[in-house]
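Chemist: return atomic coordinates for the entry below.
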Amino acid sequence: MEIKKLKPLSNAAFIISILPFLTLIPTLLKISLPAGVRTVWTGANIFFGLMGLILSIICVRKEESRSVVNIVALIISVLWILMMAGIIDLALDLNILD
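Modeler: The predicted model follows:
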């Protein structure tokens, strides 16, 4: 019964964790976005990364609800968060060096 309740949450976690890949669409199409749109897009990516991580942790927490989709969503979300933390660290390091 519990697994059936987590199935939609599992699918949502996977979809939310891959949404930041949409950032690549303007880059691949060589479209330059205005600064305001880039700021909103960045905020949305941070939100989707954190929400994907939280939902994935909720789904993976119980052993009987673990599945390949849940684990893949968790890995993708963790990689997004690590990448964002690295970008923030690099930006802080570059500003301190100036």
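
Chemist: buried sites along the lengthiest helix in the chain?
Modeler: Criterion DSSP state H: the longest helix present in the chain is helix 68-97. For helix 68-97, a neighbour-count test (16 or more other Cβ atoms under 10 Å) marks 70, 73, 74, 76, 77, 78, 80, 84 as buried. In this view, the C-beta of every residue, glycine as well, is placed from N, C-alpha and C.

Chemist: now the third one: closest residue in space that isn't a chain neighbour?
Modeler: Read it as residue 74. Counting by Cβ to Cβ, 6 or more residues apart in numbering, residue 74 lies nearest to residue 56, which is 3.8 Å off, once chain neighbours are set aside.

Chemist: leaving out chain neighbours, which residue sits closest to the residue most central in space within the chain?
Modeler: Per Cα atoms, centre = their mean, the C-alpha nearest to the average position across the chain is that of residue 49, at 2.4 Å. Leaving aside its chain neighbours, residue 49 sits nearest to residue 80 (4.0 Å; criterion: Cβ to Cβ, 6+ apart).

Chemist: so what's residue 98 scoring on pLDDT?
Modeler: On pLDDT, residue 98 comes in at 59.

Chemist: now swap in residue 66 and tell me
Modeler: At residue 66, the model reports a pLDDT of 82.

Chemist: who are the contact partners of it?
Modeler: Neighbour list for residue 66: 59, 60 [criterion: Cβ atoms under 8 Å, 6 or more residues apart in numbering].

Chemist: what do you get for residue 45?
Modeler: Shown in contact with residue 45 (Cβ under 8 Å, 6+ apart): 19, 20, 23, 80, 84.

Chemist: biggest separation within those residues, which pair?
Modeler: Comparing all pairs in the contacts of residue 45 by Cβ to Cβ, the longest separation belongs to 19 and 84, at 13.8 Å.
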